[in-house]
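Novice: Sequence and computational prediction follow.
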Amino acid sequence: MSLPIGVLALQGDFREHLQVFSRLGVDAVSVRTAKELGGVSGLVIPGGESTTIGKLATIFELFSPIKAAIANGLPTFGTCAGLIMLADQITGGIEGQETFGGLDVTVSRNAFGNQLDSFEADIKFKGVDHDVHAAFIRAPVITEVRTSEIRAELPDGRVVAVSQGNILGISFHPEVTGEDGVHELFLREFVK
């Protein structure tokens, strides 16, 4: 991997993702411009507020470049709001809310409730050799999976992680629980 991993740094918990890559000994940089986007080997779209991320990406003239980069094969990893931004269809969004797309799924925003309904769980994750400790914070859930591969589910069957081609999307926040396994998987299977 000659170029660093980029972390979209417009809003949300991008600092925590940068810290994970630092712990893993991987060069990672903040992405706030199209020029910075062009200099990365993969992109993380962090948790935060999906409508705000979309609006800021438009203001910073990043929306179309990100959408095009994903469509052209840039390895991309979305967590929580990042998953929403990667879904081809969403429910519970604001009117006219657009996404970068790329995952052939439907995602329901805030499916687990509000901040007070947040919880943590240990889940099996395809491609990670240990149970993943996941924090669900105002998290979305994947309600319909079409051509994407399911990577993780809760014990009740709700889908919380999928992959498709160059994209990995998850409902939860491994970066806030000290869980590095999903980032390692992204580097190993998607960025290479």
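Specialist: Yep, that arrived.
Novice: Report the secondary structure state of residue 18.
Specialist: Of the three states, residue 18 takes helix under DSSP: H, G, I helix; E, B strand; the rest coil.
Novice: Test my guess that it contacts residue 31.
Specialist: No - counting by CB atoms under 8 Å, residue 18 sits too far from residue 31 to count as a contact (10.7 Å). (C-beta placed from N, C-alpha, C; glycine too.)
Novice: Quickly list what's touching both of those two.
Specialist: Listed contacts common to residue 18 and residue 31 are residue 7; contacts here mean CB atoms under 8 Å, 6 or more residues apart in numbering.
Novice: which of the two has more neighbours?
Specialist: Using other CB atoms under 10 Å, the more surrounded residue of residue 18 and residue 31 is residue 31, with 27 against 20.
Novice: Distance check, the more buried one against residue 17.
Specialist: Between residue 31 and residue 17 the computed distance is 11 Å (CB to CB, to the nearest Å).
Novice: and for those two, which residues touch both?
Specialist: Common neighbours of residue 31 and residue 17 (CB under 8 Å, 6+ apart) are residue 7.
Novice: Tell me what the residue most central in space within the chain is bridged to.
Specialist: For the chain, the residue nearest the mean C-alpha position is residue 78 (0.8 Å; CA atoms, centre = their mean). Using DSSP bridges, the beta-bridge partners of residue 78 come out as residue 45, residue 169.
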